[in-house]
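S.K.: got a predicted model here, sequence first, then my questions.
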Amino acid sequence: MPPHPPEASGGGPVSRRDGTPVVLLLGGDGIGPEVVEAAAACMQAAARRLGRAIRLEEAPIGGAALEMGLPPLPEPTLRMALDADAVLLGAVGGPRWDGLPGPQRPEAGLLELRRQLGVFANVRPVRMFAGLETTSPLRPEVVAGTDLVVVRELLGGLYYGPRGRRQGPGGPVVFDTLEYDQAQIDRAARFALEMARRRRRSLTLVDKANVLESSRMWRERVQALAPAYPDVAVSFQYVDSCAMRLVREPRAFDVLLCENMFGDILSDEAAVLAGSIGMLPSASLGGRVGLYEPVHGSAPDIAGRGVANPIGAILAGAMLLEWSLGWRDAAACIEAAVARVLADGWRTGDLVPAGGPAPGVSVVGTQALTDRILAAIEQSTPQEGSSAPS
Ligand SMILES: NC(=O)c1ccc[n+]([C@@H]2O[C@H](COP(=O)([O-])OP(=O)(O)OC[C@H]3O[C@@H](n4cnc5c(N)ncnc54)[C@H](O)[C@@H]3O)[C@@H](O)[C@H]2O)c1
Ligand SMILES: CC(C)[C@H](C(=O)O)[C@@H](O)C(=O)O
Ligand SMILES: [Mg+2]
């Protein structure tokens, strides 16, 4: 699925013309296009199973755009994203572009896209699927039953604060600034409290309030907002000890609310609880258009080999159907198909533990695993009570 110039697609919010939702696919770099192709096929199959349709468009971003002589977020790509009903992105970045200055790097395209879409709440569910317990390097009895969500603030903190270098009296000086205004904290905190209310009603604010002024303000604001959510148990945990507790007793957590950088780091750590980083999806919400991504990156070490785990992207596609299109039934269809295929023993290589695959497990590539999931979607029984708009 090579990206093509956005102009070629005709553009425009087709959903607003004929009722068919438009999903913009941004494959990006490395394994990004491989896993987005798998996720797009699953979204289409689930929609078809339920008698609906999606219109897919494609555009370049990141290194793929740079290779076309375009900036990392080309203007037509941004326009198509703003006009779409939802955006599914693979990953951006890779060693080929690591020498570029910050604003020209592929990653700058993704950060600008998030900012332009206004998606301040990044939801990263971490769930251990039944049957995968022995794939984690952690003990099965530790990871079994893990079911938590990292809510990562996505548009503030070190990622977007002033940064730079200057000459100081004793030599070069470098700075990155961690800055939040109260409104940014409040909207993320309310989002996480609402999410906790719909889950097991437990929220942990992850911070470094023993050192950072920013963290002290996050605590104050969560304490100020919590009384409006008397059904949610709110607790506070320093990020360093949270990193330890996450791998020691993951079932202690329900919703983890993090500022931007803490959430980035802890969600990659939490991937170990799900067996592999290739398993984790994410949804970036709260803005004009939802942005959905697997949590992993472009994995240059395995790109082009057809071995990437597509499940994180496929589950991100399911989140897209639920959160942006309101198709809970189609999302459930994909989630059940993934669970079924894993329970039947199908795995990509990243889910094989150091000692080798267990009896009954078959290790396959991206396409073969996707084909199994597609077959399971096609064989599924659509659930009652569709949440689809009629
Ligand atoms: N959202 C994004 O676009 C995003 C996220 C993270 C990193 N990146 C970029 O990706 C590049 C590589 O970063 P990295 O190596 O630190 O992280 P990474 O997530 O790409 O890879 C880390 C390790 O996990 C493995 N892995 C990742 N996804 C996998 C999958 N689906 N199936 C099987 N194995 C998988 C990789 O092979 C690698 O060994 C960098 O340029 C980075 O900036 C982009
Ligand atoms: C590629 C990078 C900018 C990105 C981030 O740090 O947000 C990635 O690590 C992620 O987790 O989506
Ligand atoms: Mg990350």
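M.R.: Everything's here; your move. Ligands and ions are numbered 1, 2, ... in the order given.
S.K.: which stretch of helix or strand covers Glu179?
M.R.: Using DSSP states H and E, Glu179 sits in no helix or strand.
S.K.: what is the burial count for Tyr160?
M.R.: By other C-beta atoms under 10 Å, 18 other residues sit near Tyr160. Backbone N, C-alpha and C define where each C-beta goes, glycine included.
S.K.: please renumber so the chain begins at 535
M.R.: Shifting the count to begin at 535 puts that one at Tyr694.
S.K.: show me what contacts it?
M.R.: By C-beta atoms under 8 Å, 6 or more residues apart in numbering, Tyr694 lies in contact with 645, 649, 713, 794.
S.K.: can you put those residues in a markdown table and add distance to ligand 2 and pLDDT?
M.R.: What follows is the contacts of Tyr694, written out as a markdown table (distance: C-beta to the nearest ligand atom, whole Å; pLDDT from 0 to 100):
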| residue | distance to ligand 2 | pLDDT |
| --- | --- | --- |
| Leu645 | 6 | 98 |
| Arg649 | 12 | 98 |
| Glu713 | 17 | 98 |
| Asn794 | 7 | 98 |
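S.K.: give me the pLDDT for the one residue in the chain that gets nearest to ligand 2.
M.R.: Using C-beta to the nearest ligand atom, Glu641 is the residue of the chain that sits closest to ligand 2, at 4.0 Å. pLDDT for Glu641: 98.
S.K.: in terms of helices and strands, where is the residue nearest to Glu646 when sequence neighbours are not counted?
M.R.: Leaving aside its sequence neighbours, Glu646 sits nearest to Leu607 (C-beta to C-beta, 6 or more residues apart in numbering; 4.7 Å). If you go by DSSP H and E, Leu607 is not part of any helix or strand.
S.K.: helix, strand or coil: sort out the most centrally placed residue in the chain for me.
M.R.: Taking C-alpha atoms, centre = their mean as the criterion, Ser816 is the residue nearest the geometric centre of the chain, at 2.1 Å. Three-state assignment for Ser816 (DSSP: H, G, I helix; E, B strand; the rest coil): strand.
S.K.: tell me who's in contact with it.
M.R.: Ser816 sits next to 656-658, 801, 826-829, 850, 853 when contact means C-beta under 8 Å, 6+ apart.
S.K.: and for Met662?
M.R.: 670, 677-681, 807-809.
S.K.: list phi and psi for the nearest residue to it once chain neighbours are set aside.
M.R.: What sits nearest to Met662 in space, not counting adjacent residues and going by C-beta to C-beta, 6+ apart, is Thr680, at 4.2 Å. When quoted as degrees, to the nearest 10, the phi and psi of Thr680 stand at phi -60, psi 130.
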